[in-house]
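Colleague: fold the following.
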Amino acid sequence: MNISQPKTFFPLVIPLLLLALFTVEDSPAQSDFYGVIRDSGGAVPQLNIAVAKFDITGDFYSGDEPEKAAELKEKIEKGLAFSLYFNVVTADSSLMALIGEREMNYEDWIYLGAEHLVGGSFYSDGILFHYNLEITDILRGKTIYTTEFKAPIDSVNQLSYKAVDRIINILTGEKGISFSRIVFSVASGNIKELAICNWDGSDLIYLTDNKSLNLFPTADRTGEEVYFTSYFRGNPDLYKLNLISTELAPISARKGIDSSPAISPNGEYIALILTVDDNAELYLLTNRGRIVRRLTRTWGIESSPSFSPNGREIVFSSDKSGSVHLYVTDIEGLNQRRLTFHGNYNDTPSWSPKGDLITYASRESGRFQIYTMSITGENVRRLTSVGNNQDPCFSPDGLHICFVSDRNGNKEVYTMNFDGSNQKRVTSVENAYNPYWTPGIAEER
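Modeller: Here you go, the predicted structure:
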């Protein structure tokens, strides 16, 4: 990393948001660094970080290393900004005009407000890309972490995801979600197939091709297994698809509806809507499909369960009061309580992995909008206002929400921050439904 050393150094002021000291043992160049405490229910303090131009080293096997290095830099900046842990500092045109041809030094980055600098070197060996990551504490002028990442030369995305998640972990102590993906249904005529893409919409692939209705996808905590309801054998049954082996297995094929699965955080249970007694009720099943107990007994129709992070409670929707509202029950079927009292149609809840918020869709003047509230039903907050916005689901870190919106004419998957900011379209499929934000398999491999 070509960074000129400053001639003078500014006094060091440790920001108040650097709260806890961590130690990492996997890098010989590792030194002390700081982490921060995050909470999706409040303001998220950000560290100011910059990404320098990477050095190109080694032989030029593919001939496009400079372009790929620039692409990697851009993707790392995008991933760091998306994470919410960082404010990504970039050099503006006025500063670049001022420094001219010389390399930027630490004083330049400090002038821009950066606290940490990501740099390193990049090359390919004809088979793999190699990125040697360096993280520098700019205020101390000290490299605090180094490591090497490798990825196939057709996957700059994978290389950037590895780097971003490691940077997040090193500087905040948190676990990144760069390898997380969004699985959803795509409609074409009377058919709905399952598709999956990266959190930013890239690398979209279809998971099913059975010319049927494939609905309500969800996933286990590993991200390896997707559960969904499918009509491909005539009845709306529950299936499990292993994304690694591609093995498809039936889980529940009871008479009537086997719909809207939710997987408990420990992977042991499935909350499922069944009509075995002719009415749509909420049941608790084992992960193999055996009924543990019936959780609701009402004349109304229950739907859309979502587990709390500790797996002890389930939020769901029901019209048992005459209108569709959100309720909570424990997994024993006891201590049931109503959560929503505004509007007359509140549906598709998703419980934040952080435990503090529930997001859901509420109908207003014939259109749906996305809301959040505390787990007590208080602090109701609307996040969207344009078009129809439905089927919200929290990201694995609780800091983002995916949802479906038709604001641009088609039903596409969008993402936004937990507070409703930074709303972006991530798909181009025209008719998307029921998105679920699943952990990424590769993050553990």
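Colleague: show the end-to-end separation of stretch 360-372, please.
Modeller: With Cα to Cα, to the nearest Å as the measure, stretch 360-372 spans 6 Å from end to end.
Colleague: beta-bridge partners for L284, please?
Modeller: A271, R293 (DSSP bridges).
Colleague: quick check: it touching R290?
Modeller: No - L284 lies out of contact with R290 (Cβ atoms under 8 Å); the separation is 10.0 Å. Yep, even glycine has a C-beta here, placed from its N, CA and C like the rest.
Colleague: of the two, which one has the most company?
Modeller: Higher neighbour count among L284 and R290: L284, with 20 against 10, using other Cβ atoms under 10 Å.
Colleague: pLDDT score for that one?
Modeller: pLDDT, L284: 98.
Colleague: which helices and strands sit right next to the biggest helix by length in the chain?
Modeller: For the chain, the longest helix by residue count, based on DSSP state H, is helix 65-83. Judged by 3 or more Cβ pairs under 8 Å, 6 or more residues apart in numbering; DSSP states H and E, helix 65-83 is in contact with strand 47-51, strand 55-56, strand 86-89, strand 116-124, strand 128-137, helix 156-172.
Colleague: mean pLDDT for these: which is lowest?
Modeller: strand 55-56 (a mean of 89).
Colleague: direction included, what does that strand pair against?
Modeller: Using DSSP bridges, strand 55-56 pairs in its sheet with strand 116-124 (parallel).
Colleague: and the strand it pairs with with helix 65-83, angle?
Modeller: 140 degrees (axes from the mean of the first three to the mean of the last three Cα atoms, to 10 degrees).
Colleague: so how far is strand 116-124 from its chain's centroid?
Modeller: Averaging C-alpha positions (Cα atoms, centre = their mean, to the nearest Å) puts strand 116-124 25 Å from its chain's average.
Colleague: same check on stretch 310-321?
Modeller: Using Cα atoms, centre = their mean, the offset of stretch 310-321 from its chain centre is 23 Å.
Colleague: how long is it end to end?
Modeller: Start to finish, the residues bounding stretch 310-321 are 28 Å apart (Cα to Cα).
Colleague: how about it, which residues are buried there?
Modeller: Using 16 or more other Cβ atoms under 10 Å as the test for burial, stretch 310-321 gives E313, I314, V315, F316, S317, S318, D319, K320.
Colleague: nearest spatial neighbour of the third one, skipping sequence neighbours?
Modeller: The shortest distance from V315 to any residue that is not its chain neighbour, by Cβ to Cβ, 6 or more residues apart in numbering, is 4.5 Å, and that residue is P349.
Colleague: run through the bridge partners of S318.
Modeller: E302, H325.
Colleague: state the distance from it to P305.
Modeller: As judged by Cβ to Cβ, to the nearest Å, S318 and P305 stand 10 Å apart.
Colleague: and E77, by the same measure?
Modeller: Taking Cβ to Cβ, one finds E77 at 38 Å from P305.
Colleague: can you list the residues that contact the longest helix of the chain?
Modeller: Contact partners of helix 65-83, identified using Cβ atoms under 8 Å, 6 or more residues apart in numbering, comprise 49, 51, 53-54, 56, 62, 86-88, 90, 118, 122-124, 129, 131, 153, 156-157, 159-161, 163-164, 167-168, 176-178, 199-200, 399-400.
Colleague: return the per-residue confidence for R102.
Modeller: Residue-level pLDDT assigned to R102 equals 63.
Colleague: cool, and N344?
Modeller: N344 is given a pLDDT of 91.
Colleague: so it touches R363, yeah?
Modeller: Yes - taking contacts as Cβ under 8 Å, N344 lies within contact range of R363: 7.2 Å.
Colleague: sorry, back to before: higher neighbour count, E77 and P305?
Modeller: The neighbour comparison of E77 against P305 (other Cβ under 10 Å) goes to P305, with 25 against 20.
Colleague: show me what contacts the more buried one?
Modeller: So P305 contacts S260, A262, A271, L272, I273, L282, I314, V315, F316 (Cβ under 8 Å, 6+ apart).
Colleague: residues touching the helix or strand where the last one lies, excluding its own?
Modeller: Take DSSP states H and E as the rule and F316 turns out to sit in strand 313-318. Contacts with strand 313-318, where a contact means Cβ under 8 Å, 6+ apart, come from 262, 271, 282, 295-296, 298, 300-308, 324-331, 339, 346-349, 351, 358, 360.
Colleague: among the residues you listed, which ones are in helices?
Modeller: Per DSSP H, those never map to helices.
Colleague: are any of the residues you listed buried, and if so which?
Modeller: For those, buried by 16+ other Cβ under 10 Å: 262, 271, 282, 295-296, 298, 300-308, 324-329, 331, 339, 346-349, 351, 358, 360.
Colleague: one step back: pLDDT of the strand holding F316, averaged?
Modeller: Rounded mean pLDDT across strand 313-318 is 98.
Colleague: need the nearest residue in space to the residue nearest the centre of the chain, chain neighbours excluded.
Modeller: Centroid-nearest residue in the chain: S395, 3.4 Å away (criterion: Cα atoms, centre = their mean). The spatially closest residue to S395, leaving aside those adjacent along the chain, is W437, at 4.7 Å (Cβ to Cβ, 6+ apart).
Colleague: can you tell me which residues contact that neighbour?
Modeller: Here W437 is in contact with S180, R181, I182, W199, C393, F394, S395, P396, H400, C402 (criterion: Cβ under 8 Å, 6+ apart).
Colleague: bridged to the residue nearest to D203 when sequence neighbours are not counted, which residues?
Modeller: Excluding the flanking residues, the one nearest D203 by Cβ to Cβ, 6+ apart is C197, at 6.1 Å. Judged by DSSP bridges, the bridge partners of C197 are I182.
Colleague: what count of nearby residues applies to C197?
Modeller: So C197, with other Cβ under 10 Å, has 19 neighbours.
Colleague: then H400?
Modeller: Summarising burial for H400: neighbours were counted as other Cβ under 10 Å, giving 22.
Colleague: would you quantify the distance from it to V51?
Modeller: For H400, the distance to V51 - Cβ to Cβ - is 21 Å.
Colleague: surely E247 and E225 touch.
Modeller: No - judged on Cβ under 8 Å, E247 makes no contact with E225 at a distance of 9.5 Å.
Colleague: intersection of neighbour lists for those two?
Modeller: L241.
Colleague: show me which of those two is the more surrounded one.
Modeller: The neighbour count for E247 versus E225, taken as other Cβ under 10 Å, is higher for E225 (22 against 10).
Colleague: that one contacts S245, correct?
Modeller: No - assessed by Cβ under 8 Å, E225 is found out of contact with S245, at 9.8 Å.
Colleague: so what sits against both of these two?
Modeller: With Cβ under 8 Å, 6+ apart, E225 and S245 have no common neighbours.
Colleague: which stretches of the stretch 1-150 of the chain have low pLDDT?
Modeller: Where the stretch 1-150 of the chain drops to pLDDT under 70, the residues are 1-44, 59-63, 92-102.
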